[in-house]
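**Student:** any chance you could fold what I've pasted below:
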Amino acid sequence: MAFDEALAEEIRTLLCEEEGFSEKKMFGGLCFLIHGHMTCGVGKGFDLMLRVGPDQHEECLALEHARPMDFTGRPMKGMVFVDRPGWDSPDALRGWIDYALRFVRTLPPKN
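**Tutor:** Predicted coordinates:
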């Protein structure tokens, strides 16, 4: 699997204490889930993928290094990619992960 293992480990460290945390191979990479909901991921062809939800989507896209998640050919509302310079420090990565957690925590757990 071709993805940034170091980034995956950093994300794992940030999320492992979160209730309902799990990992799953998806989208040709590794996704991190909270209560069964995809929260973020790393993969080939992109660095950091985040599920920020529709309410935070435009706010996140306005931030430097963020772009629409469009690997299907169409941008997906509520999903963003963040290029490496945007999360290249622990604080910056934590900030992006917090956007995803704010949204995913509003969702009911999946069965």
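**Student:** in its sheet, what does the helix or strand of the chain with the lowest mean pLDDT sit against?
**Tutor:** Every helix and strand of the chain was ranked by mean pLDDT, DSSP states H and E. The lowest is strand 46-51, at a mean of 88. Strand 46-51 pairs in its sheet with strand 37-43 (antiparallel), strand 79-82 (antiparallel), by DSSP bridges.
**Student:** which SSE is immediately downstream of it?
**Tutor:** Sequence-wise, the next helix or strand downstream of strand 46-51 (DSSP states H and E) is helix 57-61.
**Student:** which ones are touching the closest residue to residue 27 other than its chain neighbours?
**Tutor:** Spatial nearest neighbour of residue 27, chain neighbours left out: residue 43 (5.4 Å); criterion: CB to CB, 6 or more residues apart in numbering. Quick note: C-beta positions are derived from backbone N, CA and C, even for glycine. The neighbours of residue 43, taking CB atoms under 8 Å, 6 or more residues apart in numbering as the test, are 3, 27-30, 49.
**Student:** before we move on, what about residue 8?
**Tutor:** Residue 8 sits next to 30, 42 when contact means CB under 8 Å, 6+ apart.
**Student:** chain center to stretch 76-87: distance?
**Tutor:** The chain centre lies 8 Å from the centre of stretch 76-87; the measure is CA atoms, centre = their mean, to the nearest Å.
**Student:** what's it in contact with?
**Tutor:** Against stretch 76-87 from outside (CB under 8 Å, 6+ apart): 7, 46-54, 56-57, 60-61, 63-70, 92-93, 96, 103.
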